[in-house]
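Participant: Sequence below, structure please.
(one chain, ligands or ions: 2)
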Amino acid sequence: MAAVQAVQGVPPSLSAKVTGSFAYLTIRDRLPTILTKVIDTIHRNKNSFFEEYGEEGISSEKQAISLLSKLRNELQTDKPLLLLTDGLQDAESWNQYLQRQQRLLGDQYTVSWFNSPWLYVECYMYRKIQEALVLNPPISNFDVYKEGKTQSFFESQQAVITLCTYLADIHKNMEKLSKNQLFEFFTKLLQVSLWGNKCDLSISAGKENSQKTSPIDSLNSLQPFILVDDSNMVWSALSSSQRLEESGKNAAERVDIVLDNAGFELVTDLVLADFLVSSGLVRQVHFHGKCFPWFVSDVTAGDFQWTIWQTMAANHRWMSKSGAQWQRYLKEGVWCYHDHPFWTQPHEFCDMAADAPDLYATLQEADLVVFKGDLNYRKLTGDRDWDHTVDFSTALRGFRPAPLCSLRTLKANVQVGLQPGQGEKLTSLDPNWMTSGKYAIIQLYSPKSE
Ligand SMILES: O=P(O)(O)OC[C@@]1(O)O[C@H](CO)[C@@H](O)[C@@H]1O
Ligand SMILES: [Mn+2]
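Facilitator: Ligands and ions are numbered 1, 2, ... in the order given. This next block holds a predicted model:
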């Protein structure tokens, strides 16, 4: 089977076929844990379903739980993956993808949890959770991860206050800041957004994972854990795309941020986006979230709006001012929010131009696309077993809608663009460096750097 995927020098997909691998341990241990938590959450909300929907709410709860228990059993006993039956807009695309995987596998094997690409089966699990809810109205719109995402926001309040106060200080002096000072603040807020990615509820299998330390004061001590730091080139990618504005100011037209986790990480992304437009560096920011609850803590439209409303409503001066400003940016179209179905499909991003040409064309309008988090990095590089010294541009395999930058804490064993010997040194220093979430990268691809 490996031979099939090694064609044209592209290494095989990470998979649980490799016993003991991180993919294997994730599918054997972490995914069943996450599924169990989802089942428990639905069960715990039984009474509120009854209050809201009467007997129908009870039968939907029971039906959803039985579908999810069946899914967990299929996962744990490595059964074949099944076609989606909920008739959602993306169901056909998912079912075609299953057939594509079956063709790759040949007719000797049936696509199952432990013999298929990790990226595919993990995304498939989250889509099957959505199916279990969609098939059981009236609880179809229940967000099984909402409790964890809101807890992450509330438990990180002190860090949010620190960040909004820091942003307010920058606003106070914005007009007087030199280009150099702008660069200093840019790199700091880029790193704050980078480390915000530690707060992810998938790697913690739903366990509380909020920001307890100061996001600003901790930057110096975290600096040595950034394995690739292209901050300077990210800054130049922005500066070089600037056009002279009527106001006489230079600004890039647009930065797109492909979001990852709700809670504290989303606040770090909103603060970065605020700095980009309020400094005049950029005219517009487009955010890309998920169109249904995904990977436990990923941002949905509901989470995006809820976070801004919560910040607005905070009884802290700089938080509420920030939230009000963010709501105005949305209203004025300075900020735009999108949630294309492609982000909640299993595709490697090199497939985007073919499978979602409308989204690819949208990203081509950006001067820079920032991809947050680990799952996005896995999709940028196809979740393949690359050598660490392979160039980032090689691993992208033609995915280049615009200059793009990954801000990612390492939580899966795929990493490219390292120096010769750097991976080996890290392995001897810390065998779990690729999956612990302790290390991170700020990695740029720009056509100009080719
Ligand atoms: O994309 P994120 O939120 O940074 O991380 C997603 C993640 O937690 O889920 C997968 C493991 O289940 C890995 O890709 C990664 O560890
Ligand atoms: Mn995530």
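Participant: gap between stretch 27-37 and the chain center?
Facilitator: Between the centre of stretch 27-37 and the centre of its chain there are 19 Å (Cα atoms, centre = their mean, to the nearest Å).
Participant: do stretch 314-324 as well
Facilitator: Distance, centroid of stretch 314-324 to centroid of chain: 26 Å (Cα atoms, centre = their mean).
Participant: So what touches it?
Facilitator: Residues outside stretch 314-324 that contact it (Cβ atoms under 8 Å, 6 or more residues apart in numbering): 160-161, 164-165, 167-168, 270-271, 274, 308-313. (Glycine included, C-beta is placed from N, CA and C.)
Participant: How about residue 132, nearest residue that isn't a chain neighbour?
Facilitator: residue 67 (4.0 Å; Cβ to Cβ, 6 or more residues apart in numbering).
Participant: what does residue 160 give?
Facilitator: In space, residue 160 is closest to residue 267, 5.2 Å off (Cβ to Cβ, 6+ apart).
Participant: Now the one you found: which helix or strand?
Facilitator: Counting by DSSP states H and E, the element that carries residue 267 is helix 264-278.
Participant: Mind giving me the ChimeraX command for buried ones among the contacts of stretch 314-324?
Facilitator: Of these, the buried ones can be selected in ChimeraX as follows, counting by 16 or more other Cβ atoms under 10 Å:
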select :160,164,167,270,271,274,308,310,311,312
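Participant: mind listing what's buried in stretch 256-275?
Facilitator: Of all the residues in stretch 256-275, those buried under the rule 16+ other Cβ under 10 Å are 256-275.
Participant: restrict these to contacts with ligand 1.
Facilitator: Subset of those in contact with ligand 1: 260, 261, counting by Cβ under 6 Å from any ligand atom.
Participant: domains of the chain?
Facilitator: With domains defined by the TED database, the chain comprises 22-135, 145-445.
Participant: Run through the neighbouring helices and strands of the helix or strand where residue 236 lies.
Facilitator: Secondary-structure assignment from DSSP H and E places residue 236 in helix 231-240. Secondary structure elements in contact with helix 231-240, counted by 3 or more Cβ pairs under 8 Å, 6 or more residues apart in numbering; DSSP states H and E, are helix 179-196, strand 250-258, strand 368-372, strand 440-445.
Participant: Dump those to JSON lines, plus distance to ligand 2 and mean pLDDT.
Facilitator: JSON lines is the format used below for these (distance: least, Cβ to the ion, whole Å; pLDDT from 0 to 100):
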{"stretch": "helix 179-196", "distance to ligand 2": "11", "mean pLDDT": "96"}
{"stretch": "strand 250-258", "distance to ligand 2": "11", "mean pLDDT": "88"}
{"stretch": "strand 368-372", "distance to ligand 2": "8", "mean pLDDT": "98"}
{"stretch": "strand 440-445", "distance to ligand 2": "14", "mean pLDDT": "98"}
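Participant: for those, which one sits closest to residue 105?
Facilitator: Of all these, strand 368-372 sits nearest to residue 105, with 28.9 Å by Cβ to Cβ.
Participant: is the following helix or strand past the closest one up against ligand 1 anywhere?
Facilitator: Once the chain leaves strand 368-372, the next helix or strand it forms, by DSSP H and E, is helix 374-380. Yes - using Cβ under 6 Å from any ligand atom, helix 374-380 reaches ligand 1 at 374, 375, 378.
Participant: And the residue nearest the centre of the protein?
Facilitator: Using Cα atoms, centre = their mean, the residue of the chain that lies closest to the mean C-alpha position is residue 260, 2.7 Å off.
Participant: Tell me the confidence at the closest residue to that residue other than its chain neighbours?
Facilitator: Using Cβ to Cβ, 6+ apart and skipping residues adjacent in sequence, the residue nearest residue 260 is residue 373, 3.2 Å away. For residue 373, the pLDDT comes out at 98.
Participant: Run through the residues that contact residue 373.
Facilitator: Taking Cβ under 8 Å, 6+ apart, we find residue 373 in contact with 197, 200, 260, 261, 265, 407, 408, 409.
Participant: sorry, back to before: spit out the contact partners of the residue nearest to the centre of the chain.
Facilitator: 197, 200, 298, 299, 372, 373, 374, 375, 376.
Participant: likewise residue 152?
Facilitator: 199, 201, 208, 209, 210, 261, 262, 263, 264, 297.
Participant: How about it: what's its closest non-neighbour residue?
Facilitator: residue 263 (2.9 Å).
Participant: Can you tell me how far that neighbour is from ligand 1?
Facilitator: Residue 263 sits 11 Å away from ligand 1, going by Cβ to the nearest ligand atom, to the nearest Å.
Participant: Verify the stated contact: that residue with residue 149.
Facilitator: Yes - in terms of Cβ atoms under 8 Å, residue 263 counts as a neighbour of residue 149; the distance is 5.5 Å.
Participant: Would you map the strands across this structure?
Facilitator: 226-229, 243-244, 250-258, 282-288, 335-338, 368-372, 404-409, 440-445 (DSSP state E).
Participant: just checking, what packs against the fourth one?
Facilitator: Okay, so that is strand 282-288. strand 250-258, helix 264-278, strand 335-338.
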